[in-house]
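Chemist: 3D model of this:
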Amino acid sequence: MTEETDMTTYEYEPSVEPCQKADVKKFASLLLPPLYSLVLIFGLVGNALVVLILIKYKRLRSMTDVYLLNLAISDLLFIFSLPFWAYSVAQEWDFGNVMCKILSGAYYAGFYSGSFFIILLTLDRYLAIVHVVFALKARTIAHGILTSVFVWVVAILASLPGVIFHSVQKEGVRWTCSYHYPSGHEKVWKQFLILKMNILGLVIPLVLMIFCYIEIIKTLLRCRNEKKHKAVRLIFIIMIVYFIFWAPFNIVALINTFQASFSLNNCENSNQLEIASQVTEVIAMIHCCINPVIYAFVGEKFRKYLCTFFRHHIAIYLCKPCSLLQGEKFGRASSYTPSTADISIGL
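Modeler: Residues are numbered from 1 along each chain as shown. Next up is the predicted model:
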């Protein structure tokens, strides 16, 4: 499914027999479908709630809200393709060549846009804390929408190789949706695409994060403003969690693609790297479910809105006689006025 896991041939020594992948494929068919299904369920519910709360309750009042909404949409776009990949791993690809290209594009567009919006959230915190005067003019909803459109265009362009090179083909006795590179240029394209994924999805976000948060920490140490500490906490946790879940996948993918450079181009190492790729990819996909959990634990305002939503639309049908849903207490909870720190956090 991804740039590095479609490799089926390796540069082994001529005297060595072709490397058998039966155990790796069996491992994938047993591990991936149930895990993809869990990621689909929790990621779909969690991110759908984030979108609902941002639109219905928050009403996109700031640039941060716009970026958080787009980040949730990126996760949903990424999640959308998972049922098809889960089925293809367990059975085979039965959805045709057009769906193969569309879903490959959705998968990569979700991946790249997600990393780009995390970069924008980091830059947004940087401007809000370090360049306060400039941020008053720059951090508008209009600018948030314009930069979001630009990010989606860049993400779609970055995903085009996945759309172009993915096609339905028969591998052994099964039909798959996988990479099919131009004849004679397979190695060059594989290496280029995996380098692109690591640079756009890991290196650039990491460099920007280090720069922005060094400057943010310097500013916070000077002013010691508790509200600004709260304002940066949510985005910092989102960024750290992103690297924890995606960095292993990117690193394994890089090693898997450049096996010869690391002197790992033998059958045993190849099988181990294939399994490591599958495991770290699942870990990376779990990231789609994590952001809503972060909002729930770190964003006080998000918790308030979430409780209001469940009281209005869920609990009232499950427990109609409950007196807890009646009276002044509920009225006060639903009319909660956010603090300045909550507004700056965005959720």
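
Chemist: pull out the buried residues from the helix or strand where residue 249 lies.
Modeler: Using DSSP states H and E, residue 249 falls within helix 226-257. Neighbour counts using 16 or more other CB atoms under 10 Å place 228, 230-232, 234-239, 241-243, 245-250, 252-257 of helix 226-257 among the buried residues. C-beta coordinates here come from the backbone N, C-alpha and C atoms, glycine included.

Chemist: for whatever helix or strand comes next after that helix, name the packing helices and strands.
Modeler: Following helix 226-257 in sequence order, the next helix or strand is helix 267-298 (DSSP H and E). Counting contacts by 3 or more CB pairs under 8 Å, 6 or more residues apart in numbering; DSSP states H and E, helix 267-298 is packed against helix 22-53, helix 63-80, helix 226-257, helix 300-310.

Chemist: in helix 267-298, what counts as buried?
Modeler: Per 16+ other CB under 10 Å, helix 267-298 contains these buried residues: 269-271, 273-285, 287-292, 294-295, 298.

Chemist: stretch 174-183 now?
Modeler: 175, 176, 177, 178, 179, 181.

Chemist: low-confidence stretches in the stretch 51-200 of the chain?
Modeler: Low-confidence regions of the stretch 51-200 of the chain, defined here as pLDDT under 70, do not occur.

Chemist: what are the ranges of the helices in it?
Modeler: 63-80, 82-90, 96-130, 132-138, 141-165, 186-198 (DSSP state H, counting those that start in this stretch).

Chemist: how distant is the third one from the center of its chain?
Modeler: The one in question is helix 96-130. 7 Å (CA atoms, centre = their mean, to the nearest Å).

Chemist: buried ones in that helix?
Modeler: 100-129.

Chemist: now do stretch 33-42
Modeler: Within stretch 33-42, the residues scored as buried using 16+ other CB under 10 Å are 33, 35, 36, 39, 40, 42.

Chemist: please report how far residue 178 lies from residue 240.
Modeler: Counting by CB to CB, to the nearest Å, the gap from residue 178 to residue 240 is 33 Å.

Chemist: to clarify, my last question referred to residue 172.
Modeler: From residue 172 to residue 240 the distance is 41 Å (CB to CB).

Chemist: equivalent analysis for residue 314, please.
Modeler: Residue 314 is 32 Å from residue 240, by CB to CB.

Chemist: now residue 65
Modeler: For residue 65, the distance to residue 240 equals 21 Å [CB to CB].

Chemist: cool, residue 208 as well?
Modeler: Note on residue 208: its distance to residue 240, by CB to CB, is 14 Å.

Chemist: do residue 176 as well
Modeler: Using CB to CB, residue 176 is found at 35 Å from residue 240.

Chemist: residue 303 now?
Modeler: Counting by CB to CB, the gap from residue 303 to residue 240 is 21 Å.

Chemist: you'd agree residue 163 is up against residue 103?
Modeler: No: if you go by CB atoms under 8 Å, residue 163 and residue 103 don't touch, sitting 9.6 Å apart.

Chemist: name the element residue 210 belongs to?
Modeler: Using DSSP H and E, residue 210 falls within helix 204-223.

Chemist: return the member of the buried residues of stretch 33-42 nearest to residue 151.
Modeler: The shortest approach to residue 151 among the buried residues of stretch 33-42 belongs to residue 39, at 23.4 Å (CB to CB).
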